[in-house]
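Chemist: Everything below, folded, please.
(2 chains)
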Amino acid sequence: MSGRVLVVDDEVEMQRALRTGLRYHDFDVRAVGTGEEALRESAAWRPDVILLDLGLPGMDGFATLRALRPATRAAVIVVSVMPGEKDKVRALDAGADDYVVKPFGTDELVARIRAVLRRQADLSAGEPVIRAGDLEIDLARRSVTAGGRAVKLTPTEYELLRYLALHAGKPVTHTTLLRQVWGEYAVGDKYNTRYVVAQIRKKLGDDPANPRYIVNEPGVGYRLQA
Amino acid sequence: MTRRAAPYVVAIAGAVVVTIAIGLVSMRFEVPGLSALYLLLVLWLGATWGRGPAVAGSVAAFLLYDYFFVPPVGTFAVRGQTELLELVVLLAVALVTGQLAGSLRRTQSAAEALAADERAMYELATAALRSPEVTVALGLLSERAVRLQGVSRFALVAMDFGSAIPLAGGDVSADELRQAAWSYENKHPIGVALSDGAVRLMRTSPESKEPAYVPLVSGVAVMTIDPGGSDPGDLRMLAALVGLADLLLDRRRAVLEAERARGFEASDRLKAAILSSLSHELKSPIASLRAGLTALMAPQAGLQAEQRELLGDMDNQASRLDRLVGDMLALSRLEAGVELEREPHQFEDLVGTALHQLRPVLKGREVTLEIADDLPPVEVDELQVGRVLTNLIENANEWAPADGRITVGASTNEERLTAWVENDGPAIAPTDLERVFETFWSRRARGSGLGLAISKRVVEAHGGTIRAENRRRGPRFTFTLPLARIAATR
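Modeler: A predicted model of the protein is given here:
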């Protein structure tokens, strides 16, 4: 078994499709239809990943997410039909690890689930070196290499890259980056993060028109490709 | 006549009374300069009735004083130089003070008339502002106008979105409405002129009882003025009433327009809400379909290659349906006037995002970039312009031959960024170069026909233009975007 996945979706057809599809990919799957059930199941069964639909009847997805977050260490992937960018940002800020827009194919979903599981494993291993493709970030020595070539970053650039790397594969919002890099009371503009990201890309030899490392999440923020 | 004579009678009687008073006093006491008492009388006469009675009073005073007090008493003869001088001064002072007081009185009565006008206007204006229905206030106004001397009719006609509607002051005949409309459209008064804050009749034949028309900002005032019997004050008042009517009619129109706009806005919001919920309802079953179909495509499901292929086709159709629903929603939102979230962006970043999103579609096809180095940032809505880029690149991908090339380029001048997406597929028929941007027009039987229509609306919402042309290599779509106003931090 490659992990426990709890599906929270009020549509029975969706539950059945995901149960079948994810089992073919060796996941152990349970499905529930409400937020309350999700909270119970999350505490009793201890899933590794929770697929949470935002449009639940009764206790809605955001309320469920807020209630889940302090209680579980499971990665939460928010699932939604036509989420606005503000919904995505709100879900990420409330502690979601990723979001997937409905409709999606099983392969895409499996890739996202594997990515969050891998990240969890990396984080708990406490590896001092983070790798994303041929990018290496040595947290202990504060050094960065891209394709074996040492890259010199300013402290701001390093902080931003380090934060993205610690959450490799996860979309990180502009607000979170501003706060992480410039401090809790940072007043800034998305343009600040965009500027720093442009500098990092330049130094990493990354083409902004065809990025290999840092990918834009339009209207949300950035994601370091895992 | 008696009214006009009365002040003179009072003047002479006053002079007599003062003379008696002086006589009584000087019998008991020796007071010099008692003649000054006459000055008081003259001053009072001047202040009350003006110069005429004041002069009459002072001449009477002069004669009486001379006769009774100036030696030789009992004659009009004057002996001493001092007495003569005293009398001349009395007369001169009478004239001057009478004059002064008279002009003061005239100013005051003019001010009082003005104040009365202003009070009337103020009362009307407050009544107008208090009453929620502007037509009620207009009715009051027209009643006030016909109370003016020489004004026998005062009607107001509103010009609502091109049609003349009588609002106050009684019936207006169809013929008069036509005249009013003419006057309004040509901004030309008929039969009157407004000048120096008064209404003036402009008549070729003075007996004409035809109404006069004054065009206003949002309507026309129709009035009948008797050429003989109106005084200047009343004509000034009439002009002020016309001015107030102008303001009220304009306010009425502003209210009407706001209501109309709210109506439109509400229907737009309703439309967007219905479409949004409809799209949601359509997408949910598509989501279950795709999840189910793709689940079965896993090798573990144990299906044969042929069966998996069939599932793949069905999944593609489901995806297409999903795109169609999404495009329809996007288009209707754009038509309802979506608010752009414009921020400075590097054009390269936008292209990078689009290419990243299209990876599954491009399936490894290389996209050549001809984007100039160090382009200044553009000020755009990232998501909307991202949609334009994905639409154009996807479109190019569908038309380019299997080994064909897609090129994305951009350059700037001082005002805007010009970007293009080109492929080396077949040329677009010259007659279709404009039509490709029309809603539901597609060169392919399978296309949604919305991608380019959406792109056009997004570009135009940013104040840019988009066009299709055939280049030597193949069709090219070119669009412009505004540059960010802030200087790039470099």
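Chemist: and whichever residue of chain A sits closest to chain B, what helix or strand is that in?
Modeler: Proximity of chain A to chain B (CB to the nearest CB) peaks at A:G21, 2.9 Å away. In this view, the C-beta of every residue, glycine as well, is placed from N, C-alpha and C. Element membership for A:G21 (DSSP states H and E) is helix A:12-24.
Chemist: Check what contacts that helix and list those residues.
Modeler: Helix A:12-24 is touched from outside by A:5, A:7, A:9, A:29, A:31, A:33, A:51, A:53, A:106, A:109-110, A:113, B:285, B:287-288, B:291-292, B:294-296, B:298-301, with contacts defined as CB atoms under 8 Å, 6 or more residues apart in numbering or on different chains.
Chemist: Mind checking which of those are buried?
Modeler: A:5, A:7, A:9, A:29, A:31, A:33, A:51, A:53, A:106, A:109-110, A:113, B:287-288, B:291-292, B:294-296, B:298 (16 or more other CB atoms under 10 Å in any protein chain shown).
Chemist: Tabulate the CA atom coordinates of the lengthiest helix in chain A in CSV.
Modeler: For chain A, the helix with the greatest residue count under DSSP state H is helix A:106-125. Extracted in CSV, the C-alpha atoms of helix A:106-125 (Å, rounded to 0.1, in the frame of the first residue of the first chain):
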residue,chain,number,x,y,z
THR,A,106,-6.9,10.0,-12.4
ASP,A,107,-3.3,10.3,-13.5
GLU,A,108,-3.1,14.0,-12.7
LEU,A,109,-4.7,13.3,-9.2
VAL,A,110,-2.3,10.4,-8.5
ALA,A,111,0.7,12.6,-9.4
ARG,A,112,-0.5,15.3,-7.0
ILE,A,113,-1.1,12.8,-4.2
ARG,A,114,2.4,11.2,-4.7
ALA,A,115,4.0,14.7,-4.6
VAL,A,116,2.5,15.7,-1.3
LEU,A,117,3.3,12.3,0.2
ARG,A,118,6.9,12.6,-1.0
ARG,A,119,7.2,16.0,0.5
GLN,A,120,5.9,14.7,3.8
ALA,A,121,8.4,12.0,3.8
ASP,A,122,11.3,14.4,3.0
LEU,A,123,10.2,16.8,5.8
SER,A,124,10.0,14.1,8.4
ALA,A,125,13.4,12.7,7.3
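Chemist: That one: what's the following helix or strand?
Modeler: Following helix A:106-125 in sequence, per DSSP H and E, is strand A:129-132.
Chemist: Could you check the next helix-or-strand element following that next one and say which residues are buried?
Modeler: Counting by DSSP H and E, the next helix or strand C-terminal to strand A:129-132 is strand A:135-138. Buried residues in strand A:135-138, defined by neighbour count with 16+ other CB under 10 Å: A:135-137.
Chemist: try stretch A:101-109
Modeler: Here stretch A:101-109 shows A:101-106, A:109 as buried, counting by 16+ other CB under 10 Å.
Chemist: Alongside chain B, which residues does chain A contribute?
Modeler: Proximity of chain A to chain B, by CB under 8 Å from any CB of the partner chain, involves residues A:11, A:13-14, A:16-18, A:20-22, A:24-25, A:55, A:81-82, A:85, A:102-107, A:109, A:190-191, A:194-195, A:198, A:207-211, A:215-216, A:218-219.
Chemist: quick one: average confidence on the longest helix of chain A?
Modeler: The pLDDT scores in helix A:106-125 average 86.
Chemist: List the contacts of that helix.
Modeler: The contact list for helix A:106-125 (CB under 8 Å, 6+ apart) reads A:2-3, A:5, A:18, A:21-22, A:24-25, A:27, A:48-49, A:51, A:75, A:77, A:97-98, A:100, A:130, A:166-170, A:226, B:291, B:294-295, B:297-298.
Chemist: In helices, which of the residues you listed appear?
Modeler: A:18, A:21-22, A:24, A:166, B:291, B:294-295.
Chemist: got a list of what A:V8 touches?
Modeler: Per CB under 8 Å, 6+ apart, neighbours of A:V8: A:31-35, A:37-38, A:50-53, A:56, A:64.
Chemist: Which residue comes closest to it once chain neighbours are left out?
Modeler: In space, and not counting its chain neighbours, A:V8 is closest to A:A38: 4.3 Å by CB to CB, 6 or more residues apart in numbering or on different chains.
Chemist: Quick check, that neighbour in contact with A:A44.
Modeler: No: using CB atoms under 8 Å, A:A38 is not in contact with A:A44; the gap is 11.0 Å.
Chemist: ok, those two, which is more surrounded?
Modeler: Comparing A:A38 with A:A44 by other CB atoms under 10 Å in any protein chain shown, the one with more neighbours is A:A38, at 30 against 9.
Chemist: quick one: the helix or strand the more buried one falls within to chain centroid distance?
Modeler: Using DSSP H and E, A:A38 maps to helix A:35-45. Once both centres are worked out by CA atoms, centre = their mean, to the nearest Å, helix A:35-45 turns out to sit 22 Å from its chain's centre.
Chemist: Of all residues in chain A, which one is nearest the centre?
Modeler: Centroid check for chain A by CA atoms, centre = their mean gives A:K170 as the closest residue, at 2.7 Å.
Chemist: Contacts only, for it.
Modeler: With CB under 8 Å, 6+ apart, A:K170 has these contacts: A:97-98, A:115-116, A:119, A:223.
Chemist: One more pass at 10 Å, please.
Modeler: A:75, A:92, A:96-98, A:112, A:115-116, A:119, A:164, A:217, A:221-224, A:226 (CB atoms under 10 Å, 6 or more residues apart in numbering or on different chains).
Chemist: Scan the residues you listed and report the most crowded one.
Modeler: That'd be A:L164 among these, by other CB under 10 Å, with 27 neighbours.
Chemist: List the residues that contact that residue.
Modeler: Counting by CB under 10 Å, 6+ apart, A:L164 makes contact with A:130, A:132, A:137, A:170-172, A:177, A:180, A:197, A:200, A:213-214, A:221-225.
Chemist: And for A:G61, the neighbour number?
Modeler: Neighbours around A:G61, by other CB under 10 Å: 24.
Chemist: Just flag the most distant two among the buried residues of stretch A:101-109.
Modeler: The most widely separated members of the buried residues of stretch A:101-109, counting by CB to CB, are A:V101 and A:T106 (14.4 Å).
Chemist: for the helix or strand of chain A with the lowest mean pLDDT, the distance to its chain's centre please.
Modeler: Ranked by mean pLDDT, DSSP states H and E, the helix or strand of chain A with the weakest confidence is strand A:129-132, at a mean of 82. From the chain centre to the centre of strand A:129-132 is a distance of 16 Å (CA atoms, centre = their mean).
Chemist: Now tell me what touches it from outside.
Modeler: So strand A:129-132 is in contact with A:122-123, A:136-141, A:143-146, A:161-162, A:164-169, A:212-214, A:224-226, going by CB under 10 Å, 6+ apart.
Chemist: ok, that strand: who's next to it in the sheet?
Modeler: Sheet pairing here is set by DSSP bridges, and for strand A:129-132 it gives strand A:135-138 (antiparallel).
Chemist: in the helix or strand following the strand it pairs with, what counts as buried?
Modeler: Downstream of strand A:135-138, the first helix or strand assigned by DSSP H and E is strand A:143-146. Buried residues in strand A:143-146, defined by neighbour count with 16+ other CB under 10 Å: A:144, A:146.
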